[in-house]
Each structure stands twice: as C-alpha cells, then as structure tokens.
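Engineer: Predicted model and sequence below, questions to follow.
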Amino acid sequence: MLTKQLLELNSNENSLGMADSAKQAILDSLRIGFRYPDDQRAALISRIAKINGVTESEVSLGNGSSENIRTVVQMLLNFAFKTGKRFQVIVPDPTFAYAELYASSLDVPVIKVPLKPESYDFDFQGLQKAADDFDGISLFYLCNPNNPTATITSTAPFKHWVANAPANHYFLLDEAYSEYVNDQSFESGVEWVKQQLTANLIVVRTFSKLCALAGMRVGYAIANPSMIAAIEAFTSIDNTNLSGAVAVLATLDDEGFLARSLHNTNQSRQMVEATLDELGLSYLPSQANFIFHEVNGEVKIYMDRMREYGIVVGREFPPIEGFSRLTLGTPDEMAVFIKVLKSFRQKGWV
Ligand code: PLP
C-alpha cells in the first residue's frame with residue numbers, strides 16, 4: 001500500500017534541503033571515512049571562530065547545539081556540586097524544551113516563568129526573582145528568537161540585565177534562529193561575549209536551520225576561554241562526525257546557497273503573513289523560520305484536521321492557547337499549506 005507523503009511543517013527544519021556543495025563534500029570525504037575527523041574539526045573550529053570574530057579557544061563544537069545545551073547544564077551542576085551549592089535552571093514558558101529535559105534527567109529543579117501574557121515577551125523581573133529567591137547557582141536558558149513565538153527580545157533591557165547579574169547567575173543564550181533575524185535592533189550574545197559583558201555567558205548556535213544540515217548534527221557554543229574549557233570537559237570527544245564537518249564547511253563557503261536559503265524563508269513568511277492578514281488570524285512578528293499564529297479554535301483539533309489533509313503543523317504550547325507554530329517551508333510548500341488553510345476558512349474551521 002502506498003503511504004501518502006506528509007508535508008512536514010512542524011520541526012523548524014529547512015526543507016530547501018542541503019546545499020549541493022555540502023552533498024558533494026560529503027561524497028568526497030567518504031574515501032577518508034575510516035579516519036578520525038581531527039583535521040576537519042580543527043578547520044571547522046577555525047572557521048567558526050573567524051565568522052564570529054572570536055578566538056578558537058572561545059568555541060566548543062556540539063553534536064548539534066543540543067549537545068552544547070546539555071554540557072552547559074552538566075558543567076554547572078558539577079560546579080555546584082564541587083562548591084557545595086544548590087543548582088537550578090530557570091526557563092521562560094513556553095520555550096524550547098531541551099534545557100528543561102536535560103536538567104530534569106539530572107534531577108535539577110526547573111523553574112518555569114510564564115511569558116508576559118500581553119506581549120509574549122520574557123518576564124525579566126519574574127525570571128530574576130526566581131534566581132534572587134534561590135540560595136545557589138541559577139542558569140537562565142533564554143532562546144532569542146524564542147521558540148515557539150519566533151519573536152526577539154528587546155536588546156537594551158536584556159543586555160542591562162545580563163551585564164548586571166550577580167556572580168551566581170549564569171546565562172545560556174540559544175541563538176538557533178539568529179541568522180533569520182531582520183530586526184536591526186537585535187544584538188547577538190556573541191557580541192556580549194566579545195565585549196566581556198559578563199563571564200557567565202554562553203551562546204549556542206546551530207547549522208541545522210539556515211544551513212539546512214539538521215541531520216548532520218553540528219552546533220557550537222561561544223563563551224570565554226575558561227568557560228569553554230569547563231564545557232569541553234563534558235563534551236563527547238570527537239563529537240563532530242566527518243560528514244557534518246565537511247558539509248558545514250562547504251555550506252559556509254556557498255554564499256549563493258545561504259542567500260537562497262534566507263530568501264526562501266523570507267518569501268515563505270511573506271506569503272503566510274499575507275494569508276493570515278487576509279483571514280484575520282493574528283500572529284506574532286516572526287524573526288525565524290517559523291511563525292506562531294492564531295487558529296481561531298483548539299490547536300489540537302486544527303492539527304488533526306491539517307494532518308488529514310497531509311500537513312503536519314503545530315503543536316500545542318501551553319500555557320498559550322489557540323496558537324499554532326508553523327514551520328516556514330519552501331514557497332511551494334507554503335502554497336499548499338495556504339490552499340488548505342483557506343479551504344478550512346470556507347468550512348468555518350479557522
Ligand atoms: N535550539 C532551538 C531553539 C531549537 O529550536 C532547536 C531545534 O529545533 C535546537 C536548539 C536544536 O538544534 P540542533 O539541531 O543544533 O541540536
């Protein structure tokens with residue numbers, strides 16, 4: 001029996017697909033697949049340092065940025081243990097779940113501070129209070145742009161907060177989607193590392209999104225050298241596989257692909273925003289490769305109906321109700337989605 005191919009718009013992948021240059025680089029590397037990837041890892045670290053304007057000692061490769069998130073949690077838990085302190089992780093709610101999942105698996109308490117109800121922004125005061133009320137080390141996991149809202153956090157108050165935090169407060173900034181940001185007011189945490197805003201800052205980034213290499217599993221952390229050394233102690237040795245390393249290097253050299261990738265997502269966003277405007281469905285200002293939009297009803301029912309029409313969207317992100325997270329696929333894919341969404345309006349479903 002033939003199974004119908006689903007249109008997957010639910011995992012914030014880049015369905016443009018890998019660059020041809022990346023595929024070729026992987027094929028070319030197969031002849032040395034029996035070797036450890038030391039040279040390729042070294043080349044990648046050097047390249048990442050260069051594009052970020054930092055030294056190589058300020059870079060830690062991850063098997064996807066997911067690994068970097070895990071190592072930061074583990075490193076701080078160990079540091080707290082060694083110094084006889086307690087440790088907790090504080091996250092906005094909702095946000096990307098991995099920091100919470102890794103912390104929970106280590107029995108580290110996770111404090112969830114709801115986004116501000118009127119704007120879906122981080123509640124700086126609430127987040128800080130959760131740390132101030134705690135006698136021990138706190139790690140804030142902050143995703144900018146945030147997932148699932150796709151919105152960025154206002155730079156000035158964010159920077160002021162990070163710069164003035166006490167020594168027992170640590171910041172893990174997840175910038176998985178920063179390459180999509182078009183708001184000029186955005187400032188990357190990488191700049192803050194360079195400015196030595198605080199020693200307690202780690203920024204993680206990934207090649208899974210704009211570079212379309214989610215399956216190759218390559219991400220990285222940027223922080224000051226002693227922080228990187230502490231993180232590296234918890235990172236798997238040789239964590240970046242050969243294919244991933246050469247694919248990233250080739251993609252970073254492929255300016256045409258990177259431009260096309262960004263253009264594609266921007267075009268898809270415009271198409272979806274125009275449709276949502278037409279249908280009177282509200283959405284948050286997307287600065288990422290996904291958009292958080294209203295569905296005029298229960299998200300679960302909407303998701304099930306979309307799936308019946310061959311499209312995987314959403315999921316629910318409690319405590320926010322009535323909003324679905326939609327990945328911006330290729331313009332052709334979004335045309336299919338838009339057609340179905342408009343048919344839902346005719347049926348009175350959205
Ligand atoms: N961070 C955020 C905010 C994400 O949304 C994702 C994946 O969707 C990741 C990290 C995971 O990235 P990686 O593929 O580099 O592990």
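Structural biologist: Perfect, I can see it now. Residues are numbered from 1 along each chain as shown.
Engineer: contacts, neighbours, all on C-alpha from now
Structural biologist: Noted.
Engineer: Near I222, how many other residues are there?
Structural biologist: 29 (other CA atoms under 10 Å).
Engineer: correct me, but it touches V204?
Structural biologist: Yes - counting by CA atoms under 8 Å, I222 does reach V204; the two are 6.3 Å apart.
Engineer: P92: neighbouring residues, count only.
Structural biologist: 24.
Engineer: Surely it and L115 touch.
Structural biologist: Yes - if you go by CA under 8 Å, P92 and L115 touch, sitting 6.0 Å apart.
Engineer: Which residue, neighbours along the chain excluded, lies closest to the one residue in the stretch 201-350 of the chain that gets nearest to the ligand?
Structural biologist: Nearest to the ligand, among the residues of the stretch 201-350 of the chain, is T206, at 4.3 Å (CA to the nearest ligand atom). Leaving aside its chain neighbours, T206 sits nearest to G219 (4.0 Å; criterion: CA to CA, 6 or more residues apart in numbering).
Engineer: any idea how far L44 is from that neighbour?
Structural biologist: Distance from G219 to L44, counting by CA to CA, to the nearest Å: 11 Å.
Engineer: Could you do V89 as well?
Structural biologist: For V89 relative to L44 (CA to CA), the value is 30 Å.
Engineer: Does the residue nearest the centre of the chain belong to a helix, a strand or coil?
Structural biologist: A centroid search over the chain (CA atoms, centre = their mean) returns A176, at 3.1 Å, as the residue closest to the centre. The three-state label given to A176 by DSSP: H, G, I helix; E, B strand; the rest coil is coil.
Engineer: Buried residues, the helix or strand hosting V72. List them.
Structural biologist: When elements are assigned from DSSP states H and E, V72 belongs to helix 65-82. Going by neighbour count (16 or more other CA atoms under 10 Å), the buried part of helix 65-82 is 65-77, 79-80.
Engineer: nearest to Y309, of those residues?
Structural biologist: Nearest to Y309 among the buried residues of helix 65-82: S66, at 31.8 Å, using CA to CA.
Engineer: correct me, but that closest one touches Y98?
Structural biologist: Yes - using CA under 8 Å, S66 is in contact with Y98, at 7.0 Å.
Engineer: on that earlier part again, which of V89 and L44 has more residues huddled nearby?
Structural biologist: V89 (25 against 22).
Engineer: how close does the more buried one get to the ligand?
Structural biologist: 16 Å (CA to the nearest ligand atom, to the nearest Å).
Engineer: and that residue, what are its bridge partners?
Structural biologist: V110, L139 (DSSP bridges).
Engineer: Distance check, it against T151.
Structural biologist: 22 Å.
Engineer: Likewise for E13?
Structural biologist: 17 Å.
Engineer: likewise R31?
Structural biologist: For R31 relative to T151 (CA to CA), the value is 43 Å.
Engineer: So for the two, which residue has more residues nearby?
Structural biologist: Neighbours were counted for R31 and for T151 using other CA under 10 Å; T151 has more, 23 against 9.
Engineer: What does the pLDDT read for that one?
Structural biologist: T151 carries a pLDDT value of 98.
Engineer: go on, V54?
Structural biologist: V54 is given a pLDDT of 98.
Engineer: helix, strand or coil for it?
Structural biologist: coil.
Engineer: Tell me how many other residues crowd the nearest residue to it once chain neighbours are set aside.
Structural biologist: Closest residue in space to V54, ignoring its immediate chain neighbours: K194 at 7.0 Å, by CA to CA, 6+ apart. Here the count is done by other CA under 10 Å, and K194 has 17 residues near it.
Engineer: cool, and E316?
Structural biologist: 17.
Engineer: Show me what from the stretch 101-250 of the chain comes close to the ligand.
Structural biologist: Taking CA under 6 Å from any ligand atom as the measure of proximity, the stretch 101-250 of the chain contacts the ligand at 143, 147, 174, 176, 206, 208, 214, 217-219.
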